[in-house]
Every structure is written in C-alpha cells, then in structure tokens.
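Engineer: model the structure of this input:
(2 chains)
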Amino acid sequence: MLSVVPPNPLSVQSVEVLNEVPRISPSTPPEADWSEVIQPHTRLFDLGLRDVWRYRDLVLLFVRRDFVSSYKQTILGPIWFFIQPLLTTITYMVVFGGIANLSTDGLPQLPFYLAGVTIWNYFAQTLTTVSTVFTTNAAIFGKVYFPRLTMPLSIVVSNLVRFGIQFALFLAVWGYYLVLGNSLHPNLYILLTPLLLVLMGLLGLGLGMIFSALTTKYRDLAMLLTFGVQLLMYATPVIYPLSKLPLKYKPFILANPLSAIVETFRFAFLGSGSFSWLALGYSAVVTLVVLVIGTVVFNKVEKSFTDTV
Amino acid sequence: MSNVAIKVEDLSKLYRLGEIGTGTLSHDLNRAWARLRGKEDPSAIIGEANDRTAKGSSDFVWSLKDINFEVKQGEVLGIIGRNGAGKSTLLKILSKVTAPTTGRVKVRGRIASLLEVGTGFHPELTGRENIFLNGAILGMTKDEIRSKFDEIVDFSGVERYIDTPVKRYSSGMYVRLAFAVAAFLEPEILIVDEVLAVGDAEFQKKCLGRMKDVSVNDGRTVLFVSHNMGAVTALCDKALVMSNGLVAFDGAVNKGMDYYLKLGNNAASSKYINENPKENDLLSVDLLNTVGESSTSFYFSEEVVLKFKIVIRDTEKNFTLGFHIKDQTERKVFTSEINIKSIVSEPGVYAFQSIIPANVLTPNSYAPTVALHIPNVEIITIIEDKLMFEIEETGTELFQYAGTDYGCVFINCEWSKV
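Structural biologist: Take a look at the predicted model:
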C-alpha cells in the first residue's frame, strides 16, 4: 500500500506534552515577531476588520465591476435601474390599489407605492445577494485569500448606489406631486434618511451573512430565502399603511424591525403614517444584534467553507 | 539570511469524503454536543493516512498529518509529490483559503498566493480594469498598481488590447496579462502552484526568469509547487517531497528529486505476471532500472530495462517476442522485437531483456505493450495497459516546454555554425 513510510517521529499521536522538547532553533525569533499565525481556531470576535480596511480599494473595485458588468451589452444600460421599480409600482397600483382597493392613507398611489418599493428593494436586493456570496464566489474564494468581508460590503455599497439611482426617480415623482398638489407633507424627519439607509443596509447585510454562512452547508435555506423575502415584504408595511392594520395583527408587524424603517421613510417624505423613536430604536438594536451575529458567523464559516461548498 | 519566513508546526487537515448532504445536520449536532461536553470531536479521532489508492475504512481522511518544516527568508522551496499527496491542501492552508484542522503556521511578512492565474478576472471588463481588480484581489492597493501599471502591461505584451474586454482575448493573451499582474506583486512570500503550465514557451521562460529574479535579487521567499521537475531543479534550492499527507523528504533539491523518483515506484505497473501460462507463453515482464531495481520512473538520462520471461516448448514455431511503446496520447512511439526461434533451440524457460537507451524518450508517461506472437499467424499473448512508466523531467533543456507536445523522442542532432 504505502511504498515508503517516511521517518516522521512527530506523526506519533501520543507525544506527551512533557516530552515535547522546544524545537526552536537559535535563529527563530521570539513569538511576537511573527506577522501572522495561521491556526484552526481564532477568537470569536477576531473579525479582521483592520484587514478589511487595508483592502478598501478592493471593495470599490468590486462595486465598479458589478456596475460595469451588469449593463455592458444592454441597450438601455443604467435605465434598467429605473424600469424595474417603476413597473413594480405600476403593478402594485393596479393590483393592490385598483383591484384590491387597499388604502394608501389618503395619499396618491404612485408616490406611496414607489416609496415603499424603493426602500424595500434596497433591503431585499442586499439580503438576497449577500446570502449567496459564498456559493457564487466559491471559485475565487477557493483560490485566493482576501478578507471575505469585502465581498458582502461591496454588495451593500453596490446596492446603495443602485438605491441612489432609484431614489432619484422617487425624488422626481415626489417633487412633481409636491409642486402640483398639497397631498404630500414632508417634514424634518427627512434628515433621518441616512440613518434609515444605514439601518436598512446593515440589516440586509447581517441577515444575508447569517444566511450565506448557513447555505454553505444547508442549501435548502437558499430556497427558503427566495420566497421568504417575498413573504417578509407582506409582513412589512410596504404596500399598506401601518395605520390601517387591524389591531390584532399590529404587534406582529411591529415586531418586524423593518416596519419602523419603512414607516419612518414614508412618514418623513409623504407625511402620512406614524413615527416613533421607540420603534426606530428597536429596529436599530435588532439591526446591531443581527449584524454582530452575522459577522461572527460569517467569519467562522469563511475559514472552512471551501471544504463544504 | 537565516531568518525563518515560514514555520509550519504539526499542521494537519482532516477532510470528509463522500457526499455531504443527508445527515449533515444530525452529524453537526453530534459534534457540537461532544464539543459542548468538552470531549474530543468524534469525527477527528478516526481518519487515517491519506492514500487515495487504498480504500479507507472511514469517511474521514487526513489530507495532511502533522507536517513540520521551516522555510528561510529568500529561499525557494519546491514542493513536489504525486497527485493527492497533499500539496494543494498545504498551499491552500498557507494561502489562507482554508483553515487547518490542527497545528499552526507562523509567517513573517505578507503572503501572496498564485494558486491560479487570473483569479477574479471578469470577462466583461477591459484589460486595464482587470489589472486593477486582480491586483487588488491579490492584495495590492490602487496606488501600488498604478505605479506599476506600465511595467505590468509591458511584461504582458498585450498593450494594444489593454482597453478591450478580456473576453475577446485569446487564451494565451489572457494568461499573459494575468501572470503579469501577479509577477509584479511585492509580497515577502510568494506561493506559486503550477501556473506555469500555460502560456507559450517564450512566456514561460519569462515567467521562470521573473520568479528567479524575485527570489535572488529581491530576497523574497518563494514556495513553488510543480510536476515540472525541470522547473523545480532550475528554480529551487530546496525541495519538500510529500507523500500521502506527510513530509517524506525535506532537503536539497537534487536529493529531493531522487527521493521523488523512488517514491514513484509503483509495484502495480512495473511488473506483470501471467497467472495461467499456456504451453508456450510469456511468463512475466519487469520494468527495471540499470541497477536492477524494479521501477516506474526514470530520469531522462537513464536507461529503461524491460525484462521478459517466457516458456517455450515448440521450438519449431517461429515465435517472436516484441513490444511497442505508446505515449500518453496513445501515439505509438516505436516497436522493437526479437526472433526467438533463431536463438532458442531447446524447450525451456528463458529470460530476455531489452534496454531502451537513455536520452531518447522525452519526459512523459509511456505504456509498453508486450506480445509473444508468430508474425502474421498468431498472437499468443498480448499485454496492454498493464505496464506503465514515467520519464521524469530532471533538467533537460526542453523543460521549459513542459506541458506542450514537443515530440516523444529526443534526437541529439548535430548542430554547428557554418
């Protein structure tokens, strides 16, 4: 079987700790001199964030790659970023507004749905793309090391840019209604928009990372996620206002950390609905917890996933 | 220059074989439970030495087992071994693509690894964009790449197409560009895995030159994995021979090469024994080296000895013993035979040997087909695909073309300036 059994005294399993003569040669520098130690287990919160910072150029290059590659060889190019939310909004107007006659809190349907769709898409896109980060990048992850966190981060930034474009569309529609009628009542809470985006992005990132880590082993979750996101949208006040919700469902919807974010966004720009620091604070806390769990899980899986994917 | 750049300590890696699917969850829970109680991971206790030819009794295999070695700064270490010896696993751990199961690797300096050229190249992006992307993936900052951009383009020789999407590139150009980016990395430690098997000869030479440069002039440490023994001897000072997940040899490159060749001796393909011989038949065939040891790998500059045993009862029949050699591509290289009748007059068992001269077969693997036959009348026995030997590239001038087909025989033509 084995043609050669090499003399390897160290392969003996039962070497007592006491017998282990330090094998350090005189030239070996003290421990502190090593710039890096590769080992099986790192501490739970050893997230390598400094490494991520060193690779920040890579994050931006990934973002650039995503954009350039996604509309090369298309005729409409970046215009597709407008078409998608617009068509979705029109569909909602017809189905939920026209046929089902759902309330929009007295607001014109177009800005109402568009506001929901725009911010929801940002979350949904981030979540679904981040959740497949290991499976789609298995080839490159298996060949070269760079901080794996750069990949999900670049996805968040990509989606933020995409959101920016769609947000411009929303602003145009919003401006139009603002000038032509007085159905919209924007308020100072608009200043919270950056915070909302950060929360939305980080929540998508955190959840996505948790899913991405789990899907490396259990592919079933990928299936679950695709319609899970769809279901989640109905559990978030995207196509209906929170105010018109029957009382018995309200606690469930409010337990969803996304509700407060979407509701605040719409309240700030359109002036309908409600705002509560408590609800938003709850969302922020949940986001933080999810993000920390996501990052830790992600870091744990990135070390071994090449063996399971 | 006696500083240690890489120190590997008791490094092991356990792999699970077979399908990972049903039962993973319960299996995982089992492991987690064991860990929770502070017991040893139930799956880590089993496992055995990695031997891909032997059927293991468990689903777990140690791809690496308690590896220990050191690499000094500025050293070029060649890592050689048969397929499945654990080379790639070792490289993957060193380049942090996967984590070890136990043990540690201590490193001084930045590591860049080239397990493949052009990792992360996006077909839609132009050459220029890909240089930046690939460079960043390999760990360079934008400014570093910008400062070396012209050199990279120059080295790759695809200047004209630098603003064309790389999907329009020929595969050769693609590889050139990809290697060029990697060649201008400036890590303290460079890990290279057989990437030189691609690209045309001129470019390969350039790459080898560049790698030599990196280690000699810049004093950087290089780990080089290859099956191209010629390149290993040309580039490396030291060799690490791996076999079945263990370090079988660690030392000077020439000795390592000898060791590697011996390691390759595989009894299965160096010997054939006829279990039920007929009245007149071939009894056995052996592949031997010049010292008479059974062997399946030979230096280019070594003779290959084929030893045959036959039994002959009908000395009247026109028996002929012969063989032909086929190369990897099933191309017949040559045929050689001997007429038995003219030599043997008494019935009995006879041994013959045939020597394939040294410096003829180019480095590659070859399969002899041996037959005892009566020409144009009858084939007594024919042995096909039972024997196999390898001519190893050990520093012929043609090593730079390894991987390409430059013929299967080497003819030492007389060259002169006229």
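Engineer: give me phi/psi at B:G219?
Structural biologist: phi 70, psi 30 (degrees, to the nearest 10).
Engineer: Provide the secondary structure category for the closest residue to it other than its chain neighbours.
Structural biologist: Nearest non-adjacent residue to B:G219, counting by C-beta to C-beta, 6 or more residues apart in numbering or on different chains: B:G74, 4.4 Å away. (Glycine included, C-beta is placed from N, CA and C.) Following DSSP: H, G, I helix; E, B strand; the rest coil, we place B:G74 in the coil state.
Engineer: same check, this time on B:K341
Structural biologist: coil.
Engineer: leaving out chain neighbours, which residue sits closest to it?
Structural biologist: Nearest non-adjacent residue to B:K341 (C-beta to C-beta, 6+ apart): B:N318, at 5.2 Å.
Engineer: thinking again about what came up before, okay but the residue nearest to B:G219 is in contact with B:R220, surely?
Structural biologist: Yes - under the criterion of C-beta atoms under 8 Å, B:G74 makes contact with B:R220 at 6.8 Å.
Engineer: more crowded one of those two?
Structural biologist: B:R220 (23 against 18; other C-beta atoms under 10 Å in any protein chain shown).
Engineer: so what's that one scoring on pLDDT?
Structural biologist: At B:R220, the pLDDT value in this model is 83.
Engineer: that one touches B:V76, doesn't it?
Structural biologist: No - at 9.1 Å, B:R220 and B:V76 do not qualify as touching, with contact defined as C-beta under 8 Å.
Engineer: show me the longest helix that occurs in chain A.
Structural biologist: helix A:150-180 (DSSP state H).
Engineer: report the buried residues of it.
Structural biologist: For helix A:150-180, a neighbour-count test (16 or more other C-beta atoms under 10 Å in any protein chain shown) marks A:150-160, A:162-163, A:166-167, A:169-170, A:173-174, A:177-178 as buried.
Engineer: which SSE is immediately downstream of the strand or helix carrying A:S283?
Structural biologist: Using DSSP states H and E, A:S283 sits in helix A:277-302. As assigned by DSSP H and E, the chain's next helix or strand after helix A:277-302 is helix A:305-308.
Engineer: distance from the chain centre to that next one, please.
Structural biologist: 22 Å (C-alpha atoms, centre = their mean, to the nearest Å).
Engineer: which strands and helices lie in contact with it?
Structural biologist: The contact analysis (3 or more C-beta pairs under 8 Å, 6 or more residues apart in numbering or on different chains; DSSP states H and E) places helix A:305-308 against helix A:138-141.
Engineer: buried stuff in the helix it packs on?
Structural biologist: A:F141.
Engineer: can I get it in CSV? Just the C-alpha atoms.
Structural biologist: This file holds the C-alpha atoms of helix A:138-141, laid out as CSV (Å, rounded to 0.1, in the frame of the first residue of the first chain):
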residue,chain,number,x,y,z
ALA,A,138,-16.7,29.7,-4.4
ALA,A,139,-14.3,29.7,-7.3
ILE,A,140,-12.5,32.8,-6.4
PHE,A,141,-12.7,32.2,-2.7
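Engineer: residue ranges with poor pLDDT in the stretch 201-309 of chain A?
Structural biologist: A:308-309 (pLDDT under 70).
Engineer: near chain B, which residues of it are found?
Structural biologist: A:217-218, A:303-304, A:306-308 (C-beta under 8 Å from any C-beta of the partner chain).
Engineer: ok, those vs chain B, which is closest?
Structural biologist: A:K303 (3.8 Å; C-beta to the nearest C-beta).
Engineer: any common contacting residues for B:G74 and B:R220?
Structural biologist: Shared contacts of B:G74 and B:R220 (C-beta atoms under 8 Å, 6 or more residues apart in numbering or on different chains): none.
Engineer: for the chain, just list every one of the helices.
Structural biologist: Picking chain A for this. A:49-54, A:56-71, A:80-92, A:109-131, A:133-136, A:138-141, A:150-180, A:193-215, A:220-234, A:250-255, A:257-270, A:277-302, A:305-308.
Engineer: chain B was what I was after
Structural biologist: Using DSSP H, helices in chain B cover B:24-36, B:42-45, B:87-94, B:127-137, B:142-156, B:171-183, B:201-216, B:229-235, B:253-263, B:267-270.
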